[in-house]
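A.B. asks: sequence first, then the predicted structure, then my questions.
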Amino acid sequence: MEREVCWGPLLAAALALPAATPVQADSPPDRASVSLKVLDYADSQPGVDRVRVSSPALHLTLPVAGRWRLDAGGVSDGISGASPAYHSVALGRFSDRRRAGNLAVTRYFDGATLVVGAAHSSEADYRSDSLSVQGTLASDDRNITWSAGLAASRDQIDPVNRLVSNERKAATDVVLGLTQVLGSHDVVQLTAGHARQRGYLSDPYKVLDRRPRTRDATRILLRWNHHLPSLDAAVRSHYRYWRDNWGLQTHTLGLEFAQPLGRRVTVTPSVRWYTQGAARFYVDVDPAAGPFLPQPPAGAAYSTLDHRMSAFGARSGALKVEWRLDADWTGDLKFEHYEQRGSWRLGGSGSPGLEPVRARIWQVGLVRHF
């Protein structure tokens, strides 16, 4: 089951499918590659360490018969720590391990690609299976590329506390995109997507958590990459707007600067800002309740005391160093710091009474080309 890790603001670009998938190249890679990445995540609030995640991932890319490409990957997440039963207090210990794998086949045509993929993920209380298909089509001059994708997943939920048993969740996600080359130094990309979820959407590990069994969300993502010839550097920026029928609205703004240092090393600092409003059925902290839980309004059909559904803002900064060891080996090292607070929400006051949350991420990667 989804834990307290702030995967959304931190790792959305890596995990979103297919919305964050870059436009495929016109031809398959010339060489195969194997990559190993190890991620270590830890978050905390004042005076207490919370969630720790260790996540090694292996990925294989293999060109086949000139017009085909095979991608296969696997990841094993070791998750442990303490997660709040409501708001940001009442921490309870847990540990779990998630194992996931994915497979994708790409067919290259003249100016077009077609990708079909499948993924599976399982842990002690959660199982997920998904399928996806994505296509791209470039104009004759290759200055414009259109893309479209569709993904569907089916999940089974069996929480260890037996609050529910054999619950199901189904999701579909559709995305349309346009990439435009603007001269020799600029590329812009616009994607729009819509996701629909049906089934059990509550969190069985949160107190008084009763969410609707339907959720529809729409998102828009705008990217702009600009090359600086004088520095041989690249500025990459993105803005993402997301809203759903639970009343949540989010804004994300990201900026990174990739600067080569010589022929082998590239240094990329980045920053990200995030803000969201609260879900309509989020129940604020109530100091007058004393030692007792704040109660939802009388007659309310839905409620949540999950701080991830509250109104807050977040900021993160990262530094990534990539180096090419030789023609066959490349490596990278990245550190990211993340922090969220209710008072950092833009465009209105944030939800009161929540402890700030901090997180740090280390990621190291190694790629072998052959």
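C.D. replies: Nice, thanks for sending it over.

A.B. asks: return the list of strands paired to the longest strand along the chain, each annotated with direction.
C.D. replies: Identified as the longest strand of the chain according to DSSP state E is strand 89-109. Counting by DSSP bridges, the strands paired with strand 89-109 are strand 68-86 (antiparallel), strand 112-123 (antiparallel).

A.B. asks: these into a markdown table, with extra columns for mean neighbour count?
C.D. replies: All C-beta spots, glycine's among them, are computed from the backbone N, C-alpha and C. Converted to a markdown table, these look like this (neighbours: other C-beta atoms under 10 Å):
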| stretch | mean neighbour count |
| --- | --- |
| strand 68-86 | 17 |
| strand 112-123 | 17 |
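
A.B. asks: so for L319, which of these sits nearest?
C.D. replies: The closest of the strands paired with strand 89-109 to L319 is strand 68-86. By C-beta to C-beta, the value is 23.4 Å.

A.B. asks: check the offset of that closest one from the chain's centre.
C.D. replies: The gap between where strand 68-86 is centred and where its chain is centred comes out at 11 Å by C-alpha atoms, centre = their mean, to the nearest Å.

A.B. asks: again, but for stretch 359-370
C.D. replies: For stretch 359-370, the distance to the chain centre is 17 Å (C-alpha atoms, centre = their mean).

A.B. asks: kindly report the same for stretch 269-277.
C.D. replies: For stretch 269-277, the distance to the chain centre is 13 Å (C-alpha atoms, centre = their mean).

A.B. asks: check stretch 229-245 too.
C.D. replies: Using C-alpha atoms, centre = their mean, the offset of stretch 229-245 from its chain centre is 15 Å.

A.B. asks: over to stretch 153-162?
C.D. replies: On C-alpha atoms, centre = their mean, the centre of stretch 153-162 falls 21 Å from that of its chain.

A.B. asks: now that stretch: average pLDDT?
C.D. replies: Averaging pLDDT along stretch 153-162 gives 96.

A.B. asks: buried ones in it?
C.D. replies: For stretch 153-162, a neighbour-count test (16 or more other C-beta atoms under 10 Å) marks S153, D155, Q156, I157, P159 as buried.

A.B. asks: hmm, who's touching it?
C.D. replies: For stretch 153-162, contacts defined as C-beta atoms under 8 Å, 6 or more residues apart in numbering pick out 1, 124-131, 164-172, 199-200, 204-205.

A.B. asks: 7 Å - rerun?
C.D. replies: 1, 124-130, 164-171, 200, 204-205 (C-beta atoms under 7 Å, 6 or more residues apart in numbering).

A.B. asks: among those residues, the buried ones, what's the ChimeraX command?
C.D. replies: Buried residues within the contacts of stretch 153-162, by 16+ other C-beta under 10 Å, are selected in ChimeraX with:
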select :1,125,126,128,130,167,169,171,200,204,205
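
A.B. asks: ok so, going back, how about a markdown table for the buried residues of stretch 153-162, with distance to P356 added?
C.D. replies: Listed next are the buried residues of stretch 153-162 as a markdown table, based on distance: C-beta to C-beta, whole Å:
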| residue | distance to P356 |
| --- | --- |
| S153 | 33 |
| D155 | 31 |
| Q156 | 35 |
| I157 | 30 |
| P159 | 28 |
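
A.B. asks: where along the stretch 101-250 of the chain do the strands fall?
C.D. replies: When assigned using DSSP state E, counting those that start in this stretch, the strands of the stretch 101-250 of the chain occupy the ranges 112-123, 126-138, 144-157, 167-182, 186-199, 214-228, 233-244, 249-261.
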